[in-house]
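In: I would like to see how this sequence folds:
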Amino acid sequence: MMKKMKVPMRKCTGCQEMKNKKEMIRVLKTPEDEIVLDATGRKNGRGAYLCFSRECLEKAMKNKGLERSLKTAVPQSVYESLKKELEEIERT
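Out: The predicted model follows:
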């Protein structure tokens, strides 16, 4: 009898819904305290997840969900790069 693979689930910091890890974008706080987007999902550091929607990003900005998850202040430039990334994803 074959064992079923467990699908990794993560909670969106915007809408607070549990979704498949591959359906989300990871925002990462590196050990050097930089905040970057992690496209691979495998870099070292503390991660927070967002859905691929602008509404979730706006909710996360409003309720400071990313800042709570990453346990640090998130600069406005990171939010701007997230918006650009989401726009590119929505176009494809």
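
In: buried stuff in the lengthiest helix in the chain?
Out: The longest helix of the chain (DSSP state H) is helix 76-91. Going by neighbour count (16 or more other Cβ atoms under 10 Å), the buried part of helix 76-91 is 78-79, 82, 85-86. For glycine as for every other residue, the C-beta is placed from the backbone atoms N, C-alpha and C.

In: Three-state assignment for residue 49, please.
Out: What DSSP: H, G, I helix; E, B strand; the rest coil gives for residue 49 is strand.

In: for it, give me its contacts.
Out: Shown in contact with residue 49 (Cβ atoms under 8 Å, 6 or more residues apart in numbering): 10-13, 21, 24-27.

In: what does residue 10 give?
Out: Neighbours of residue 10 in contact, by Cβ under 8 Å, 6+ apart: 18-21, 24, 49.

In: repeat for residue 19
Out: Applying Cβ under 8 Å, 6+ apart, the residues contacting residue 19 are 9-12, 51.

In: in ChimeraX, select just the buried ones from these.
Out: A single ChimeraX command selects the buried members of the contacts of residue 19 (16+ other Cβ under 10 Å):
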select :10,12,51
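
In: quick one, grab the pLDDT at the residue nearest the centre of the chain.
Out: Using Cα atoms, centre = their mean, the residue of the chain that lies closest to the mean C-alpha position is residue 49, 2.7 Å off. Per-residue confidence (pLDDT) for residue 49: 94.

In: on that earlier part again, what's the longest helix of the chain packed up against?
Out: If contacts are counted by 3 or more Cβ pairs under 8 Å, 6 or more residues apart in numbering; DSSP states H and E, helix 76-91 sits against strand 24-29, strand 35-38, helix 54-62.

In: understood, closing this out.
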